[in-house]
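Visitor: sequence first, predicted coordinates after that:
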Amino acid sequence: ELRDIKTTVKSKKSKVTLPESFAPIWEVDGSKAQKAAHYYVTKKRKIPELKAMYAGIGYCSSGPYAGYIIFPIYAGGELVFYQGRLFMGNGPKMNNPPEEQFGVGKTEVLYNQDALYIYNRVYLVESIINALTMGEAGVATLGKSISQYQLMQLLKSPCESIVILYDPDALSKAVELALALVNYKRVKLAYWEGDKDVNDLGKKEVLKRVKAQHYQTYRELLNIKINLKE
C-alpha cells in the first residue's frame, strides 16, 4: 500500500537547476566522455541503464563539473540538490554545489527521501551509488556523518524500520546513528568483516547478510559501541 508522499524539504533561496553542460549518460553522442560515463555507471558500478534513466543520471564534459557523474536528488517530485562523482580526469572525488548557490547544502537533503513515506522499511547507506544498488527503498545520507536536519527527517517520517548499511570503515558512525534512532524506529545495524561496501557486494549478497542479523535493542547497540572502544 502506497502512502501519500508529503516529503518536507528545506526552503531554498533559488530554484535548483542542473549544471549547464549536463547530459544524460544514455544519450549516445560518440564522445569519449559519454562512453566513459556510461561505462562507469552501468559496468563499473553495475547500475542497469534503465535504473540510471529513472534516476536521471547524467554527466558533464565541460565547466566546473567536467568529468563528474551527476546524480540529481529529488524530493516530492522536486529537484532539491545534486551531487557530482568523479569518473574521469583529476579533482576531488565528490563535487557538490556550494551551499550559497541554492541556499541548501548536502547535509540538508537525503537521497531518495520519498522512500521514507512509501516503504515501511528502508535501507540507509552512505552513498547514492549504494542507495541505487539497494533499489527503490535505498536512502543515502551522502556521507558518514548525519546532520541534525537529516536525523529529524528520518525520525518524523512514517517509515517504521531502518536497516543501516554504512561502509565497514564507518561502523562507529553507524552505531551512533542507530542509537539515535532505536527508541523511535525498529533498527537493524547490519555490518560485516572486510572492506567491501554495498555496491561491491551487490544487492543479493547484502540482503542475505541483512537477513542473517536481527533488529537490535538499545542495550545491544550500546554493547556494540563499548566493544568498539576496547
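Guide: Cool, the structure landed. Residues are numbered from 1 along each chain as shown.

Visitor: please, where are all the helices along this protein?
Guide: Secondary structure of the chain, counting by DSSP state H: helices at 32-39, 49-55, 99-102, 128-134, 148-156, 171-181, 198-201, 203-211, 218-229.

Visitor: the ones you listed: which one's closest to residue 24?
Guide: helix 49-55 (7.3 Å; CB to CB). For glycine as for every other residue, the C-beta is placed from the backbone atoms N, C-alpha and C.

Visitor: ok, residues contacting the closest one?
Guide: 24-26, 38, 41-42, 47, 71-72, 132 (CB atoms under 8 Å, 6 or more residues apart in numbering).

Visitor: ok, back up a step: any chance of the helices of the chain in CSV, with distance to residue 120 too?
Guide: Shown next, in CSV, are the helices of the chain (distance: least, CB to CB, whole Å):
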stretch, distance to residue 120
helix 32-39, 35
helix 49-55, 22
helix 99-102, 32
helix 128-134, 15
helix 148-156, 14
helix 171-181, 15
helix 198-201, 20
helix 203-211, 15
helix 218-229, 21
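
Visitor: for residue 77, which of those is the nearest?
Guide: helix 49-55 (13.4 Å).

Visitor: name the residues of the closest one that are buried.
Guide: 51-52, 55 (16 or more other CB atoms under 10 Å).

Visitor: likewise stretch 61-74?
Guide: Those would be 61, 65-74, for stretch 61-74 by 16+ other CB under 10 Å.

Visitor: tell me the gap between it and the middle of its chain.
Guide: Stretch 61-74 sits 16 Å away from the centroid of its parent chain (CA atoms, centre = their mean, to the nearest Å).

Visitor: tell me the contacts of the residue nearest the centre of the chain?
Guide: By CA atoms, centre = their mean, the chain has its centre lying nearest to residue 140, at 2.3 Å. Contact partners of residue 140, counting by CB under 8 Å, 6+ apart, are 110-112, 124-128, 130-131.

Visitor: beta partners for it?
Guide: Beta bridges link residue 140 to residue 111, residue 125, judged by DSSP bridges.

Visitor: okay, it and residue 23: tell me how far apart.
Guide: Relative to residue 23, residue 140 is positioned 23 Å away (CB to CB, to the nearest Å).

Visitor: hang on, residue 116 packs against residue 122?
Guide: Yes: Residue 116 is within contact range of residue 122, at 6.0 Å (criterion: CB atoms under 8 Å).

Visitor: quick one, what contacts residue 224?
Guide: 175, 189, 216.

Visitor: so what's the first one up against?
Guide: Shown in contact with residue 175 (CB under 8 Å, 6+ apart): 189, 221, 224-225, 228.

Visitor: measure it to residue 228 for me?
Guide: 7 Å.

Visitor: repeat that for the last one.
Guide: In this view, residue 216 and residue 228 are 14 Å apart by CB to CB.
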